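A.B. asks: let's see this in three dimensions:
(chains A and B)
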Amino acid sequence: MKIAVIESDRARAIGIIDALKEDGWQDVVVLGDVTGLARKLAALEPDLVLIDLDNPSRDALEQVSAASDPQGRPVAMFVDRSDDEMTKAAVAAGLSAYVVGELRPERIRPVLKTAIARFQMMSQMRLELAAAKQALADRKTLDRAKGILMRAKGLGEEDAYALLRKTAMSQNRKVIDVAQALLTASDLLG
Amino acid sequence: MTGRPLNCGYVPLVDCAPLIVAQELRFAADEGITLNLLRQPSWAALRDLLALGHLDVAHMLSPMPTAMSLGLSGPAAQIDALMVLSANGTVIGVSTDMANAMRATGWTGGFDNPRATLTPLLTALDRPLRVGVPFPYSMHRLLFDYWVRNAPVVGASDIRIVTQPPPLMAEAVQAGEIDVFCVGEPWGSVAVTAGVGELVLPGAAIWANAPEKVLAARRTWVDDNAESVGALMRAVVRAAQWLDQPDNRMLAIEILARSAHLDLPVAAIEHALTGRFATRAGADPVHVPNFVRFHTNATTFPWRSQAAWIGSEISRLTGIDKTHAISTAQSTMRPDCYRTHLGAMGVDMPGASAKIEGALTHPTAVASTRGQMILGPDAFFDGKTYDFAPKN
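C.D. replies: As a prediction, this is how the structure comes out:
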């Protein structure tokens, strides 16, 4: 079975290939550049296409599947009606699969299980990365806000933070929101 | 104050405006709901999430509920259209090379002449024409097919349809992947501004009142959540009314540009909402009346006859049984919900839920509950009319 993975992020693509190879599927190709996707897929002749649910090129795949080329092999989004849970798990993990030709569901299911597991891991990592980035940005905002208060009111660092916290509590807002408002006001006043 | 949250999917196009305005101007809050606006990267993703219940409602291409209900697209699901969100609002454009080739055949431009543009379009290149559309089941695709299919100069095999997500349309033109693009604003103007293409027609020149986007939901959800459905429809119809008051359009452009939901600059949004277009980079803008309509002329009403036209065209494209396609399409439109939920708030209701499509070349007063309804124009470029009423 030849599997095509459409993924422009190199690290993610390698992760998916490795997971599939580990579980015994050797014939895996990656399409990184989505220009002319339909044409490239026709040349590759894969049996199964895996693509991130968030990839805007999914609509191009829809065209491949809607095209009624009598010589071409039919392409359809894989929806396993006997295993609704699997379809839902795939969507939840951010994965969609397209079947080319007449592959039987029994042959697709194990591939999909492996891919779903990998996608779940990757979306978890993506979430954690986003959370880490946000935490870092928030810390910078807080530090700048504290700095402004320390300079303007001659406060120490702890007192500056306490003032932010007290203001946030009395206004029923988050500390970070108060800090952000202070930065905006300070930028406006130059 | 936050209301009951509804997960609402959309694709970042100017015509998702009624949903953004309903949320931002608090029409939703007034009805006790919060629209949890969830931007989708593709129509396929939006479709799957709606079918599987991750979204409650969605901004959807008007042929999609029919295609989904017929099992032609994605996971099988009965999807209904509660109301129409917008009419028209799309453009057809060509690559700069193609425009030059068309001029060499004697084409003189203009943005309002589907008949005179057709032959230059189909004869400019001596190879198959590659046409970009946003989705296989889109009004863009149906209108393009309707426009070219009876032309004597080209066979259907000489046209290749390529699907491109709207934000990638200009890139595809630049990369030489497509010759023609059919796309919703702002993405046509984006191609013009980037200097890679020229606009040749607004979609409205092919059908003057084409239902473009609908507010879609799963039938089971509609049946089980009458209260939310009513609140949602009232909030969205208020937003549509607000958007179609000419004085509000400039403010609407500001709201849409500032809203994090669309993430587009004012310059990209204003063409659609003012109806003023530069058809090629640097050219003086031309004005297209009714370029996009949200509420006036009963735009929001889910006409069963519009659905029937869509069903008939889908049958033509896919070869599925025409009677079955038309009856499925008609069943996806929910004028019953529209009358139930919006009648009490004083929205003017037409006497019937179907009409003869294409019959009006001018705005025309028709019978309605409040006696204020103007319909049309809704003519097709070829002057044909479509009556789907059962013949006795």
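A.B. asks: average pLDDT for the longest helix seen in chain A, rounded please.
C.D. replies: Criterion DSSP state H: the longest helix present in chain A is helix A:105-153. The average pLDDT within helix A:105-153 is 88.
A.B. asks: repeat that for stretch B:78-92.
C.D. replies: The pLDDT scores in stretch B:78-92 average 97.
A.B. asks: what does stretch A:35-42 give?
C.D. replies: On average, stretch A:35-42 scores 80.
A.B. asks: what helix or strand is residue 8 on?
C.D. replies: Answering for chain A, as no chain was given. Using DSSP states H and E, A:Ser8 sits within no helix or strand.
A.B. asks: chain B is the one I meant
C.D. replies: With DSSP H and E as criterion, B:Cys8 is part of strand B:4-10.
A.B. asks: elements contacting the longest helix of chain A?
C.D. replies: Helix A:105-153 sits against helix A:10-22, strand A:48-52, helix A:84-93, strand A:95-100, helix A:157-170, helix A:175-189, with contacts defined as 3 or more CB pairs under 8 Å, 6 or more residues apart in numbering or on different chains; DSSP states H and E. C-beta: built from backbone N, CA, C; applies to glycine.
A.B. asks: most tightly surrounded among those?
C.D. replies: Comparing the helices and strands packed on helix A:105-153 by mean neighbour count (mean count of other CB atoms under 10 Å in any protein chain shown), strand A:48-52 comes out on top with a mean of 24.
A.B. asks: what lies in contact with that one?
C.D. replies: A:1-7, A:16, A:41, A:57-58, A:61, A:75, A:78, A:94-100, A:103, A:108, A:111, A:115, A:119 (CB atoms under 8 Å, 6 or more residues apart in numbering or on different chains).
A.B. asks: got it, and stretch A:120-138?
C.D. replies: A:Arg12, A:Gly15, A:Ala92, A:Ala93, A:Gly94, A:Ile176.
A.B. asks: what sits against the last one?
C.D. replies: Residues near A:Ile176 by CB under 8 Å, 6+ apart: A:Asp138, A:Thr141, A:Leu142.
A.B. asks: let's see 10 Å
C.D. replies: A:Gln134, A:Ala137, A:Asp138, A:Arg139, A:Thr141, A:Leu142, A:Ala145, A:Leu164, A:Ala168 (CB atoms under 10 Å, 6 or more residues apart in numbering or on different chains).
A.B. asks: what mean pLDDT does the longest helix seen in chain B have?
C.D. replies: Secondary structure assigned by DSSP H gives helix B:226-243 as the longest helix of chain B. Summarised as a single mean, pLDDT over helix B:226-243 is 97.
A.B. asks: now do it against strand B:4-10, angle only.
C.D. replies: 60 degrees (axes from the mean of the first three to the mean of the last three CA atoms, to 10 degrees).
A.B. asks: just how off-centre is the lengthiest strand in chain B within its chain?
C.D. replies: What stands out as the longest strand in chain B, according to DSSP state E, is strand B:79-88. Averaging C-alpha positions (CA atoms, centre = their mean, to the nearest Å) puts strand B:79-88 8 Å from its chain's average.
A.B. asks: let me know the next secondary structure element after that strand.
C.D. replies: Sequence order places strand B:90-95 as the next helix or strand after strand B:79-88, per DSSP H and E.
A.B. asks: could you export that next one as PDB, CA atoms only?
C.D. replies: Extracted in PDB, the C-alpha atoms of strand B:90-95 (Å, rounded to 0.1, in the frame of the first residue of the first chain):
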ATOM      1  CA  THR B  90     -18.300  36.700  -6.200                       C
ATOM      2  CA  VAL B  91     -16.200  37.700  -9.200                       C
ATOM      3  CA  ILE B  92     -14.700  35.900 -12.200                       C
ATOM      4  CA  GLY B  93     -11.200  36.900 -13.200                       C
ATOM      5  CA  VAL B  94      -8.500  35.800 -15.500                       C
ATOM      6  CA  SER B  95      -4.700  35.800 -15.400                       C
END
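A.B. asks: for residue 59, identify the helix or strand it belongs to.
C.D. replies: Since no chain was named, I'll use chain A. Going by DSSP H and E, A:Asp59 is in helix A:58-66.
A.B. asks: was after chain B, sorry
C.D. replies: Per DSSP H and E, B:His59 falls inside strand B:57-61.
A.B. asks: between that strand and strand B:4-10, how big is the angle?
C.D. replies: 20 degrees.
A.B. asks: what about strand B:57-61, average pLDDT?
C.D. replies: 98.
A.B. asks: neighbouring strands - and their directions - for that strand?
C.D. replies: strand B:4-10 (parallel), strand B:211-218 (antiparallel) (DSSP bridges).
A.B. asks: mean pLDDT and mean neighbour count added to these, as a markdown table?
C.D. replies: Formatted as a markdown table, the strands paired with strand B:57-61 follow (pLDDT from 0 to 100; neighbours: other CB atoms under 10 Å in any protein chain shown):
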| stretch | mean pLDDT | mean neighbour count |
| --- | --- | --- |
| strand B:4-10 | 95 | 20 |
| strand B:211-218 | 98 | 27 |
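A.B. asks: distance of the most centrally placed residue in chain B from B:Leu13?
C.D. replies: Against the mean C-alpha coordinate of chain B, by CA atoms, centre = their mean, the closest residue is B:Glu212 at 1.6 Å. With distances taken as CB to CB, to the nearest Å, B:Glu212 is found 9 Å from B:Leu13.
A.B. asks: please apply the same query to A:Arg151.
C.D. replies: 47 Å.
A.B. asks: settle it for me: which of those two has more neighbours?
C.D. replies: Shown here are A:Arg151 and B:Leu13; by other CB atoms under 10 Å in any protein chain shown, B:Leu13 has more neighbours (25 against 11).
A.B. asks: can you verify B:Arg370 is assigned to a helix?
C.D. replies: No: counting by DSSP: H, G, I helix; E, B strand; the rest coil, B:Arg370 is not part of a helix but coil.
A.B. asks: correct me, but it touches B:Gly351?
C.D. replies: No: B:Arg370 is not in contact with B:Gly351 according to CB atoms under 10 Å; the separation is 11.5 Å.
A.B. asks: and stretch B:263-283, end to end?
C.D. replies: From its first residue to its last, stretch B:263-283 covers 26 Å (CA to CA, to the nearest Å).
A.B. asks: so where do the helices sit in the stretch 201-350 of chain B?
C.D. replies: B:219-224, B:226-243, B:249-258, B:266-274, B:304-318, B:322-332, B:335-343 (DSSP state H, counting those that start in this stretch).
A.B. asks: mind putting these into TSV with distance to chain A and mean neighbour count?
C.D. replies: Below are the helices of the stretch 201-350 of chain B laid out as TSV (distance: least, CB to the nearest CB, whole Å; neighbours: other CB atoms under 10 Å in any protein chain shown):
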stretch	distance to chain A	mean neighbour count
helix B:219-224	14	15
helix B:226-243	22	22
helix B:249-258	15	17
helix B:266-274	17	20
helix B:304-318	7	22
helix B:322-332	15	19
helix B:335-343	27	18
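A.B. asks: dump the strands paired with strand B:57-61 to TSV, plus distance to B:Pro265.
C.D. replies: Below are the strands paired with strand B:57-61 laid out as TSV (distance: least, CB to CB, whole Å):
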stretch	distance to B:Pro265
strand B:4-10	18
strand B:211-218	22
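A.B. asks: tell me the residues of the stretch 51-200 of chain B that contact chain A?
C.D. replies: Residues of the stretch 51-200 of chain B found near chain A (CB under 10 Å from any CB of the partner chain) are B:51-54, B:67, B:71-76, B:132-138, B:141, B:160-168, B:171-172, B:175-177.
A.B. asks: looking at the contacts of stretch A:120-138, point me to the pair that's furthest apart.
C.D. replies: Farthest-apart pair in the contacts of stretch A:120-138 is A:Gly15 and A:Ile176; separation 32.8 Å (CB to CB).
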